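# quick one, fold the following:
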Amino acid sequence: MRWKVRLLLVLILGSRSFAAGRTDLSSPLTLLQAQRLALLHNPDLRIARAQAEMALGQLRAVREFPNPVVGLAVGKINTDSRDNATAYGGGLWGRSYDSVFSLSQLVELGKRGVRRDSAAAAARAAAALRDDSRRLVLLTTGQLYCAALEAGEEMGVQGESAGTLREEAAIGAERLRAGDVAATDQAQLEIAAAQLDLNVASARTAYRAAVLALESLLGLPTPRGDTVLADTLDQVAVRVWPEQAEAAPQRPDLAAAEAGVEKSEADLRLERQARVPDLTLSLEYEHQPPDQPNSLGVGVSFPVPFWNRNRGAILSALAAREQAVAQLEKVQIQAAAELSGDRAALAEARGRLESYRGRLEPDSAAVVRAIEYAYRRGGASLVELLAAERSHNDIRVGGARARADAAAAALALAAALNRLDVPPEESTPN
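Below is the predicted model:
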């Protein structure tokens, strides 16, 4: 568990987003509140939102019609001593200058609709990636929350075990003075208690590291690791426990991959359509006194696809489509494997949790109580007492880990089914 906490701490600290002011977490923090704060301050989600807005802007841009081009050209201006004056006079408009006013408009043939299809698919992909980033932020927040709760439970278990051994050591000291036990037995009790004290310190460090990682994800400018968590592992598991029989909605990463295929197909059609030349229509008004004082002209121009038939761009678009199709297949396989693995992990964690709750923890506690009673009255040896305490301590720690694994597995399966979200009525702490 501790290596997972350290890994998550490194990942979150590497992409930490600081809020403008310190978020007030003086009251106990629920998982829903933590997830809402993460949605406000997580940098990856903010980047995904900006990319979705950029894609919408690109979609609007391709829907706009190209602007016309207006031109003015004046020619036949004498540069020698001859005068450009005519019978119309020597003013600017009466001189024999050749003045041409032009208006031209680009007319795309069969490309605008395909370009809109490509931009619309890109916008759908960006929106899906934004939703997927939201899903992963909620999952990461829940996993960090569970890791902190698990570390807190382990710290409590180790502390209670250390306290119990300290009490046994005090009883052993009385029996040592009475000559009922040997000094080596008393020393073993002291050593075992001291070892548990070290375990408590280690668990406290792991707990603070997990809370620090959670605070960093929530955007606190000065994480201190002192946030109090309000929920328990059982409450987390109950809230996110998915009904596996329900039909799962489409995951956003799959939607993004499908939109990527649609975009690649639209891009391929666009490159193929680019072989058809676009037209440029023009209208001209010419003023050249005295012979042609006023005249009109119309024209059309287009590139001739003689040397370049856009073959290279078409081949590139074909490769991009193949890449998008392969990416979709990859995401589909990963999603199916993730869903299957999360279902198996949840089933295993639930079975392990039921074993700890229903049999191991009650039986272990009963054994410890019986041996403690016998030891205080001289009916059990120190070796038996220490073995029972160690076994009970390990079982309680295992039970805490089973609860954490069950809650984390429920979170992962809910995320895999795309059912992990925050109710809109939940309020963010002020």
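
# ok, Ala335 - contacts?
251, 253-254, 416 (Cβ atoms under 8 Å, 6 or more residues apart in numbering). C-beta: built from backbone N, CA, C; applies to glycine.

# neighbour-wise, which one of these leads?
Counting neighbours by other Cβ atoms under 10 Å, Ala416 leads those with 24 neighbours.

# in this structure that residue contacts Ala345, no?
No. Contact between Ala416 and Ala345 fails when scored by Cβ atoms under 8 Å: they sit 10.3 Å apart.

# so Thr79: helix, strand or coil?
Secondary structure, DSSP: H, G, I helix; E, B strand; the rest coil: Thr79 is coil.

# next one: Glu53
helix.

# 29 is where my numbering starts, stick with that
Will do, 29 is the new start, and the previous item becomes Glu81.

# that older thread, may I see the contacts of Ala363 arranged in CSV, with secondary structure, pLDDT and distance to Ala83 as well?
Listed next are those as CSV, based on DSSP: H, G, I helix; E, B strand; the rest coil; pLDDT from 0 to 100; distance: Cβ to Cβ, whole Å:
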residue, secondary structure, pLDDT, distance to Ala83
Arg279, coil, 90, 19
Asp281, helix, 93, 16
Leu282, helix, 94, 18
Ala444, helix, 89, 26
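
# and those residues, which is closest to Asn112?
Proximity of the contacts of Ala363 to Asn112, judged by Cβ to Cβ, is greatest for Asp281, which lies at 71.2 Å.

# mind listing what that closest one touches?
By Cβ under 8 Å, 6+ apart, the residues touching Asp281 are 156-157, 160, 359, 363.

# buried subset of these?
Among the contacts of Asp281, the ones that count as buried by 16 or more other Cβ atoms under 10 Å are 156-157, 160, 359, 363.

# just give me the closest of the residues you listed to Ala434.
Of these, the one sitting nearest to Ala434 (Cβ to Cβ) turns out to be Ala363, at 22.3 Å.

# show me which residues of the helix or strand hosting Arg397 are buried.
Under the criterion of DSSP states H and E, Arg397 resides in helix 389-404. The neighbour-count check on helix 389-404 (16+ other Cβ under 10 Å) flags 389, 392, 395-396, 399-400, 403-404 as buried.

# ok, now which ones touch the residue most central in space within the chain?
Centre of the chain computed as the mean C-alpha position; nearest residue by Cα atoms, centre = their mean is Ser161, 3.3 Å away. Residues in contact with Ser161 (Cβ under 8 Å, 6+ apart) are 70, 72-73, 75-76.

# in this protein, which spans are helices?
30-42, 59-69, 71-91, 140-206, 211-245, 261-268, 280-301, 339-383, 389-404, 410-444 (DSSP state H).

# for Glu350, the count of nearby residues, please.
As a measure of burial, Glu350 has 11 neighbours, counting by other Cβ under 10 Å.

# the residue nearest to the centre of the chain and Ala364: what is the separation?
21 Å (Cβ to Cβ, to the nearest Å).

# do Leu67 as well
Leu67 is 27 Å from Ala364, by Cβ to Cβ.

# more neighbours: which of those two?
Neighbour tally, Leu67 and Ala364, criterion other Cβ under 10 Å: the higher count belongs to Leu67, 18 against 11.

# just checking, the more buried one touches Arg162?
Yes. Taking Cβ under 8 Å as the definition, Leu67 is a contact partner of Arg162 at 6.6 Å.

# where does this structure dip in pLDDT?
Low-confidence segments of the chain (pLDDT under 70): 29-54, 196-197, 199-214, 217, 268-276, 452-458.

# for Leu57, what are its contacts?
255-258, 457.

# how about Leu73?
Counting by Cβ under 8 Å, 6+ apart, Leu73 has contacts 66-67, 158, 161-162, 165.

# and of the residues you listed, the nearest to Ala345?
Looking across these and measuring by Cβ to Cβ, the closest to Ala345 is Arg158, at 25.7 Å.
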